[in-house]
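Engineer: sequence-free structure coming up:
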């Protein structure tokens, strides 16, 4: 039984399938799946490899010297996930996970790592 293609939205553009998105960004199908699981679809196709996609919005940001994407957390816009993590006292992975699972507004600041035990 053939699989039904699943639509995917990347950088505000809706594609009918992951394969169609991969072709649009000049990347492998597995690269799209990998970026989706990592929560980094917004940076898809901006790598510096031989298939560097100059039509990509990410390329335009890099050309202008803006290497990161701003992120809005609890009404405050941070210039990047890394800076937001440093200010909030959480890991970048926590920010990415919260963004992916749509709970950025519920994110609380806290300590990094596991609590100390004596």
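Structural biologist: Sure, I can see it. Please read all numbers here as calculations on a predicted model, not as lab measurements. Numbering: from 1, shown residues only.
Engineer: Going by C-alpha atoms from here, please, whenever you check contacts or count neighbours.
Structural biologist: OK.
Engineer: For residue 5, which residues are in contact?
Structural biologist: Contact analysis of residue 5 by C-alpha atoms under 8 Å, 6 or more residues apart in numbering lists 16-18.
Engineer: Give me the most central residue, this protein.
Structural biologist: Geometric centre of the chain, nearest residue: residue 40, 2.6 Å, by C-alpha atoms, centre = their mean.
Engineer: residues touching it, list them.
Structural biologist: By C-alpha under 8 Å, 6+ apart, the contact set of residue 40 is empty.
Engineer: quick one: it and residue 2, what's the gap?
Structural biologist: Remark: distance between residue 40 and residue 2 (C-alpha to C-alpha, to the nearest Å) = 28 Å.
Engineer: Out of the contacts of residue 5, grab the one that's most surrounded.
Structural biologist: residue 18 (22 neighbours; other C-alpha atoms under 10 Å).
Engineer: my read: it touches residue 6, true?
Structural biologist: Yes - between residue 18 and residue 6 a contact is recorded at 6.8 Å, counting by C-alpha atoms under 8 Å.
Engineer: How is this protein partitioned into domains?
Structural biologist: The record's domain split for the chain, according to automatic domain parsing, is 8-63, 71-106.
Engineer: Let's have the ones you listed in CSV, adding mean pLDDT.
Structural biologist: Shown next, in CSV, are the domains of the chain (pLDDT from 0 to 100):
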stretch, mean pLDDT
domain 8-63, 75
domain 71-106, 85
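Engineer: any chance of the contacts of residue 5 in CSV, plus distance to residue 33 and secondary structure?
Structural biologist: Formatted as CSV, these follow (distance: C-alpha to C-alpha, whole Å; DSSP: H, G, I helix; E, B strand; the rest coil):
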residue, distance to residue 33, secondary structure
16, 14, coil
17, 11, coil
18, 8, helix
